[in-house]
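1. The following comprises the amino acid sequence and a computationally predicted model.
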Amino acid sequence: MTPPGLWLDGSARFGDSALFGPLSFRAEAGCWTVLLGPSGVGKTTILRLFAGLSRAEVSGGFGASDGQPLAGRVALMAQTDLLLPWATALDNICLGARLRGERADPARALRLLAEVGLAGMERRKPGQLSGGQRQRLALARTLMEDRPVVLLDEPFSALDARTRSEMQALAARLLTGRTVLMVSHDAAEAARLGQRILILTRAGLAEAAAPEGPPPRDATAPALLQAQAGLLARLLAA
Ligand SMILES: Nc1ncnc2c1ncn2[C@@H]1O[C@H](COP(=O)(O)OP(=O)(O)OP(=O)(O)O)[C@@H](O)[C@H]1O
């Protein structure tokens, strides 16, 4: 499936309560876009709209750049891993297919578990995995869905710095070529992963220059630290 871009135009509201806008949002096809911004401006709502999970009304509409419905083409990875505690790692990965009444491919599930570094752990339950391993499992479950559009809602924010860095690198490698829209609070994460970096504030949507080179970028490189500082300054000013 060729990944489509994403668009959203206008202002958003929940019933009588205005949320943001008007603005013109674009996430390019096949690119990694990071959406930064202070708490409560509507970042998660934008993700949930594209995932078909929000009831917010958007005045100018939203959708895929190819004009086709987004339903069935989107996978969402949330901040919490949302794993079923009583199910094994393998069953958790296959859950999406099961819920749709489809047959999950166990060989593919095992391959994905190996790709995220969980080979041999397929019979473990989430409680028998570390926080980082659970996030790896959640990433494998997202990949199992094999959707061209992947929405990430701060999926690595609860992890320690080292595990977060490993997960960022793994996700960048495994999601290459898909349209990725990631919500984050973390300027360092945006500088490391974003091919486009958008900042949503009460004043509207602005674009920040993304560092050069494909993600994941070296988080300790001077150019990256400079980009991170610039983003942080913009976030603090927002
Ligand atoms: N279903 C809903 N009905 C009414 N208001 C809602 C609903 N969902 C979210 N909101 C409100 O919309 C606003 C934006 O929420 P959203 O979660 O999109 O913000 P955010 O930028 O992702 O914040 P954070 O960074 O804290 O997660 C909040 O004030 C929230 O209370």
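-> Great, that's in hand.
2. Would you map the strands across this structure?
-> Remark: strands assigned in the chain by DSSP state E are 6-14, 17-27, 32-36, 57-58, 62-64, 74-77, 149-153, 179-184, 196-201, 204-208.
3. can you pull the contacts of the residue lying closest to Ala18 once chain neighbours are set aside?
-> Nearest non-adjacent residue to Ala18, counting by C-beta to C-beta, 6 or more residues apart in numbering: Ser11, 6.7 Å away. Every C-beta, even on glycine, is put in place using the N, C-alpha and C of the backbone. Applying C-beta atoms under 8 Å, 6 or more residues apart in numbering, we find Ser11 in contact with 18-23, 58-59.
4. what do you get if the cut-off is 6 Å, keeping everything else the same?
-> Residues in contact with Ser11, defined by C-beta atoms under 6 Å, 6 or more residues apart in numbering, are 21-22, 59.
5. Of those residues - the most surrounded one?
-> In terms of neighbour count, Gly21 stands highest of the contacts of Ser11 at 19 neighbours, by other C-beta atoms under 10 Å.
6. Quick one: residues contacting it.
-> 10-12.
7. Let's see that with 8 Å instead.
-> 10-12, 58-59, 204.
8. Once you drop chain neighbours, what's closest to it?
-> Once flanking residues are discounted, Gly21 sits nearest to Ser11: 2.7 Å by C-beta to C-beta, 6+ apart.
9. For the ligand, see how far away the residue nearest to Ala18 is.
-> Distance, Ser11 to the ligand, by C-beta to the nearest ligand atom, to the nearest Å: 13 Å.
10. same check, this time on Ala223
-> Using C-beta to the nearest ligand atom, Ala223 is found at 27 Å from the ligand.
11. How many residues are close by Arg164?
-> Other residues within reach of Arg164, judged by other C-beta under 10 Å, total 21.
12. And for it, nearest residue in space, chain neighbours not counted?
-> Nearest residue to Arg164 in three dimensions, chain neighbours excluded: Phe156, at 4.6 Å (C-beta to C-beta, 6+ apart).
13. just checking, the one you found touches Gln168?
-> Yes: the pair Phe156 / Gln168 is scored as a contact, 6.2 Å apart, by C-beta atoms under 8 Å.
14. what residues are shared contacts of these two?
-> What both Phe156 and Gln168 touch, as defined by C-beta under 8 Å, 6+ apart, is the set Glu189.
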